[in-house]
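Asker: make a model of this:
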Amino acid sequence: MQRDREISMATEFNEIYLSAVIGRSVINNKGDELGILRDLVMIPGDVFPEVSHIVIKSRNGLKSLPWNEVTLFTHVVISVAGAQPPGLSSFEARDNEILVKRDLLDKQIVDANGAKVVRVNDIKLGNLNQKLCIFSVDIGFRGLLRRLGYERLGETIAKTLGKDIPNTEISWEYVQPLEANSSKLALNIARDQMNEMHPADLADILENIPIQSIRTVLDSIDAETTGDTIYELEADMRNVIINQLNDEQVSDILEEMEPDEAADILADLPEGKAQELLDMMNREDAEDIQELLEHEEDSAGGLMTPDYFRLSSQITIGQALEILKGCADDVETIYYGYVVDADDRLEGVVSLKQLLMNPPETHITDIIEENIKYVHIDAEPEDMLETLAKYDLIAVPVLDSDDRMAGIVTVDDVLAHYLPQIIKIKRR
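Answerer: The predicted model follows:
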């Protein structure tokens, strides 16, 4: 009997989609119908998740049957061992139980390759070591057509148009539940890939998943990536994200961000909340951010970052490169080095290209540009953009009212100021 079952399973069933079997008749060895297939109970497996039981809708309610009592599993019929299988019993849903149709179908998944949120349209099941396993999830249009019963019609139409309907599937090895052992789960690409995604792509994902899943995604990425991602969001969505975290987590994230970006986020929060977060932060980081908050948001002082590649006129190029290695992680832009004196007065600028092309023993004063282009701390965006464009600069130094170096404004910060206006004009 077992040998017959193994032959049957091996020859009649290799891979099949969930949409092809849900609703199919379940019969006993005499051909009598026990009911129709309602769902599959999923448990962890050695390679892929395995089906432990099938759920049958009968005239007497929902029944549960162990998978090892299934003898045939096809898109036409499902048969079970014996006239009255010994394992057949009333089905009772458990809180931590995952049902394939109920909990996976139509749920959202993060497609790391496309960096977007998509929906599970179908699920591919497979035979592995005589066990029914979940091989992959179908996120494409073909899966939706198959589920609706229009796959062949769709192929005919596509062929007429000279097109093809691609198979768009994600292997289960890249998929994990957002909440382990939860029947209310969304799905997520393996979490170690989240930190490798661009913050702008992660921001798009956060905007398209349920609010209750946001916290779980944030827990999957580090503080620096979280900060960069939050900065990419619109102000309203930023506040939603921040409300998902406790104050200590938010302060840690703000400390990992560039000061100007952290200041932008705090500026959108209620004043009392912003001050509470500042009080929890590292004193030096908080002071840098507080200084930025004191300036108009769209002025040079509001857009600048106080961190820059600072150099002394008393060093060689070799020493400058050693300084660069030590501060590279803390400085937003390192295309230029700014030579300042003890009173923070700007003496000259040197490009990274010049540092790399000249001998290490060359004195820094031999290569610096002394005809410095700069803006004052109260400069308007138009002034900054004009200076950056006219002199083909990536960043421009910002001087305070005493002509001391206060920070730098980068071209991307200025362009980001104009981006909403550009989008608005484009939509007209």
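
Asker: what strand or helix carries the nearest residue to residue 244 once chain neighbours are set aside?
Answerer: Among residues not flanking residue 244 along the chain, residue 215 sits closest, at 4.6 Å (Cβ to Cβ, 6 or more residues apart in numbering). Using the backbone N, CA and C atoms, a C-beta is placed for each residue, glycine as well. Secondary structure assignment for residue 215, by DSSP states H and E: helix 211-218.

Asker: in the stretch 301-428 of the chain, where is pLDDT below threshold?
Answerer: By pLDDT under 70, the weakly predicted segments of the stretch 301-428 of the chain are 419-428.

Asker: just the strands in it please.
Answerer: Listed in chain order, the strands of the stretch 301-428 of the chain (DSSP state E, counting those that start in this stretch) span 310-311, 336-340, 346-351, 375-376, 395-399, 405-410.

Asker: the last one vs strand 395-399, what angle?
Answerer: Here strand 405-410 points in a direction 150 degrees away from that of strand 395-399 (axes from the mean of the first three to the mean of the last three Cα atoms, to 10 degrees).

Asker: contact partners of strand 405-410?
Answerer: Residues from elsewhere that reach strand 405-410 (Cβ atoms under 8 Å, 6 or more residues apart in numbering): 260, 300-301, 303-308, 332-333, 336, 338, 340, 344-346, 375, 377, 384, 388, 394-400.

Asker: try it again with 7 Å
Answerer: Strand 405-410 has contacts (Cβ atoms under 7 Å, 6 or more residues apart in numbering) with 300-301, 303-306, 308, 332-333, 338, 340, 344, 346, 375, 377, 384, 394-400.

Asker: which among those count as buried?
Answerer: By neighbour count, with 16 or more other Cβ atoms under 10 Å, those hold 300-301, 303-306, 308, 332-333, 338, 340, 346, 375, 377, 384, 395-400 as buried.

Asker: what's the burial count for residue 359?
Answerer: 8 (other Cβ atoms under 10 Å).

Asker: which residues in the stretch 151-300 of the chain form helices?
Answerer: Remark: helices assigned in the stretch 151-300 of the chain by DSSP state H, counting those that start in this stretch are 151-160, 199-206, 211-218, 223-231, 235-243, 247-256, 259-267, 271-280, 283-293, 300-303.

Asker: what's the most buried one of those helices?
Answerer: Of these, the one with the most neighbours on average (mean count of other Cβ atoms under 10 Å) is helix 300-303, at a mean of 26.

Asker: show me what that helix is packed up against.
Answerer: Packing contacts for helix 300-303, counted by 3 or more Cβ pairs under 7 Å, 6 or more residues apart in numbering; DSSP states H and E, involve strand 405-410, helix 411-427.

Asker: low-confidence stretches in the stretch 151-300 of the chain?
Answerer: Applying pLDDT under 70 to the stretch 151-300 of the chain flags the ranges 174, 176-195, 212.

Asker: can we see that at 80?
Answerer: Within the stretch 151-300 of the chain, the ranges that satisfy pLDDT under 80 run 155, 158, 166-167, 173-197, 205, 208-221.

Asker: ok, back up a step: nearest approach to residue 146 belongs to which of the strands of the stretch 301-428 of the chain?
Answerer: strand 405-410 (49.4 Å; Cβ to Cβ).

Asker: what's the angle between that closest one and helix 259-267?
Answerer: 90 degrees.

Asker: setting aside sequence neighbours, what's the nearest residue to residue 50?
Answerer: Using Cβ to Cβ, 6+ apart, the closest residue to residue 50 is residue 131 (4.9 Å).

Asker: circling back: doesn't residue 246 make contact with the residue nearest to residue 244?
Answerer: No - counting by Cβ atoms under 7 Å, residue 215 sits too far from residue 246 to count as a contact (10.5 Å).

Asker: switch the helices of the stretch 151-300 of the chain over to JSON lines; also include distance to residue 52.
Answerer: Formatted as JSON lines, the helices of the stretch 151-300 of the chain follow (distance: least, Cβ to Cβ, whole Å):
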{"stretch": "helix 151-160", "distance to residue 52": "29"}
{"stretch": "helix 199-206", "distance to residue 52": "32"}
{"stretch": "helix 211-218", "distance to residue 52": "25"}
{"stretch": "helix 223-231", "distance to residue 52": "37"}
{"stretch": "helix 235-243", "distance to residue 52": "37"}
{"stretch": "helix 247-256", "distance to residue 52": "38"}
{"stretch": "helix 259-267", "distance to residue 52": "47"}
{"stretch": "helix 271-280", "distance to residue 52": "47"}
{"stretch": "helix 283-293", "distance to residue 52": "51"}
{"stretch": "helix 300-303", "distance to residue 52": "58"}
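
Asker: care to break the protein down by domain?
Answerer: Split into domains by automatic domain parsing, the chain comes to 2-94, 199-294, 305-418.

Asker: need the residues that contact the lengthiest strand in the chain.
Answerer: Across the chain, the longest stretch assigned as strand under DSSP state E is strand 33-43. Outside strand 33-43, the residues that touch it by Cβ under 7 Å, 6+ apart are 21-28, 49-58, 62-63, 78, 80, 97-102, 134.

Asker: separation between the residue nearest to residue 70 when sequence neighbours are not counted and residue 56?
Answerer: In space, and not counting its chain neighbours, residue 70 is closest to residue 80: 5.6 Å by Cβ to Cβ, 6+ apart. According to Cβ to Cβ, to the nearest Å, residue 80 and residue 56 sit 9 Å apart.

Asker: overlap of the contact sets of those two?
Answerer: By Cβ under 7 Å, 6+ apart, the residues touching both residue 80 and residue 56 are 26, 34, 65.

Asker: helix, strand, or coil at the first one?
Answerer: When you say that, I think you mean residue 26. What DSSP: H, G, I helix; E, B strand; the rest coil gives for residue 26 is strand.

Asker: that one: neighbour count?
Answerer: When neighbours are defined as other Cβ under 10 Å, residue 26 has 27 of them.

Asker: just the pLDDT for it.
Answerer: Model confidence at residue 26, given as pLDDT, is 94.

Asker: and it, what are its bridge partners?
Answerer: For residue 26, the beta-bridge partners under DSSP bridges are residue 35, residue 78.

Asker: same question, the last one
Answerer: Each beta-bridge partner of residue 65 is listed here: residue 54, as defined by DSSP bridges.

Asker: which residues touch it?
Answerer: Contact partners of residue 65, counting by Cβ under 7 Å, 6+ apart, are 53, 54, 56, 80, 85, 87, 88.

Asker: run the last query once more with 10 Å
Answerer: By Cβ atoms under 10 Å, 6 or more residues apart in numbering, residue 65 lies in contact with 26, 34-35, 37, 41, 53-56, 78, 80-81, 85-89, 91.

Asker: over to residue 362?
Answerer: 316, 317, 318, 320, 354, 355.

Asker: now with 8 Å, please.
Answerer: Taking Cβ under 8 Å, 6+ apart, we find residue 362 in contact with 316, 317.
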